[in-house]
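**Student:** This is the structure alone, sequence omitted:
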C-alpha cells in the first residue's frame, strides 16, 4: 500500500526528526488511521538505518588524532614565527602604530599644503608699477629734444667761455 | 611558546579546566591568542570533523585527514571573522565542507588531466584495503556490496543534494544547521534533502525489504 501523497513531506520530516510539535500531533493522528503511511514510514526508517550502518567512517586512531593536533599546532606556530614583527606586537599596538604613521603623514601633507597656499607674495613689480614705469619713460622720450638742446647750449656756453678766457690772457 | 610546551602526545589540552569551558568562551580565548583553547577545540571536534570529511571524500582516508587539518588551520587563521551569529560548530563545519568540496574538485580536475597516463586508479586502493580487513562471510560480502552501491548512488547525486543528505542522515545535523553550513535557506535544504532521498531510494530499491 502506498503512502498518501499529501503527507509525503510530513513523512520525510518525521523520519528526519524535523517535525514541529503541532504538525506531529496531526501526523500521529493520521498515522493511527493510515496503514500505507505507517508502512512507508517503517520502510524509510529501515532504509536510512541501513545507509547509516553501511557508511560508518573508521575511527580516528589516538595516534592519528595526536598527529593531527600536533600538525595543526606546528603549522600555527610556524605561521607565528614567519609573521611580520608588527603582527607579533598584537592587534592593538600594531593598529596604534598604523594610526600614528597615518597621523604623521597627514600632518606633513597639511603643512606642505599650508605653506604652499598661505605663502607671503614676493616683491615682484605688478602691472600697475609697470604702467607707471612706462609713463616715466614716455616723459623722458618726450623731453629728449629739450634735453638735447640743453646739451647743445651747455657746449656752446663752454666754447664761448673758453674763447673769452684765451682773449683775456696776456699776449707774449 | 607555552602552546608548544603543552601535552601534545596525549592530545589533551594544556589548561586543566579547558574541557569545562563552552565553545564560545574557547573561541574568545583562542581569538586572544590562547593556543591551549585552540588545542581544546581541535580535541573536541577532530573526530566528528574527520567523519564528515571521510564521507565527503568518498572514503579516502588520507584526503579526509588532510582536509580536516586544512579546515582547522583555516578556521583558526580566520577566527577574527567569526562574529558569533552561528555556533562555532556550524561555522567550522561550513569551512570543513568547503575545504572538502574544493579539494575534491581540484582532485577531479587533476585526475581528469593525468588519469590517461596512470596505470592504477585511487578507488582500487580502498577496495584492496577493505578486502584485507574483512573475512569473506556471505554477510560481509553483502555489506561490502551494499556499501559500494550506496557509495555509487551518493556519487551520482548532485553535489548540494549529496552534502545535504550526508549532513542530515549521516551526521544528524538539523535542517537549520545545514542551512547555515551550506549558506542557503532552510527550504532549499529541505528540497535538496527530499530529492536526494528520493534518488537514493530509486537507486537502491533492490536493497529495500
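**Tutor:** Perfect, thanks for sending it. Every value quoted in this text rests on a predicted model; they were computed, and no experiment measured them.
**Student:** so residue B:199 sits right up against residue B:157, yeah?
**Tutor:** Yes - shown here, residue B:199 and residue B:157 form a contact pair, counting by CB atoms under 8 Å, at 5.9 Å. C-beta: built from backbone N, CA, C; applies to glycine.
**Student:** Sticking with the residue nearest in space to the middle of chain A, tell me its helix or strand.
**Tutor:** Geometric centre of chain A, nearest residue: residue A:102, 11.4 Å, by CA atoms, centre = their mean. Assigned by DSSP states H and E, residue A:102 belongs to helix A:91-117.
**Student:** which helices and strands does that helix pack with?
**Tutor:** Judged by 3 or more CB pairs under 8 Å, 6 or more residues apart in numbering or on different chains; DSSP states H and E, helix A:91-117 is in contact with helix A:85-88.
**Student:** one step back: quick one: the residue nearest to the centre of chain A from chain B, how far?
**Tutor:** 21 Å (CB to the nearest CB, to the nearest Å).
**Student:** ranges for the helices of chain B?
**Tutor:** B:23-31, B:35-56, B:61-77, B:88-114, B:122-133, B:138-156, B:159-165, B:175-182, B:186-203 (DSSP state H).
**Student:** Using TSV, lay out those helices together with mean pLDDT.
**Tutor:** Below are these laid out as TSV (pLDDT from 0 to 100):
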stretch	mean pLDDT
helix B:23-31	87
helix B:35-56	89
helix B:61-77	91
helix B:88-114	86
helix B:122-133	51
helix B:138-156	80
helix B:159-165	93
helix B:175-182	92
helix B:186-203	93
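**Student:** Quickly note the distance from residue B:159 to chain A.
**Tutor:** The value you get for residue B:159 to chain A, if CB to the nearest CB is used, is 17 Å.
**Student:** circling back: could I get the helices of chain B in CSV, plus columns for distance to residue A:141 and mean neighbour count?
**Tutor:** Formatted as CSV, the helices of chain B follow (distance: least, CB to CB, whole Å; neighbours: other CB atoms under 10 Å in any protein chain shown):
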stretch, distance to residue A:141, mean neighbour count
helix B:23-31, 89, 18
helix B:35-56, 95, 23
helix B:61-77, 87, 21
helix B:88-114, 91, 17
helix B:122-133, 106, 12
helix B:138-156, 107, 14
helix B:159-165, 98, 21
helix B:175-182, 96, 21
helix B:186-203, 97, 18
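**Student:** Got the phi and psi for the closest residue to chain B within chain A?
**Tutor:** Here the residue of chain A nearest chain B is residue A:57; by CB to the nearest CB that distance is 4.0 Å. When read as degrees, to the nearest 10, the backbone of residue A:57 gives phi -80, psi 150.
**Student:** What is the neighbour count of it?
**Tutor:** 18 (other CB atoms under 10 Å in any protein chain shown).
**Student:** before we move on, what about residue A:72?
**Tutor:** Residue A:72 - counted by other CB under 10 Å - has 23 other residues nearby.
**Student:** Quick check: nearest residue in space to it, chain neighbours excluded?
**Tutor:** residue B:72 (5.0 Å; CB to CB, 6 or more residues apart in numbering or on different chains).
**Student:** before we move on, what about residue A:59?
**Tutor:** Closest to residue A:59 by CB to CB, 6+ apart is residue B:47, at 7.5 Å.
**Student:** Quick check: that neighbour touching residue A:68?
**Tutor:** No - with contacts counted by CB under 8 Å, residue B:47 stays clear of residue A:68, the gap being 9.8 Å.
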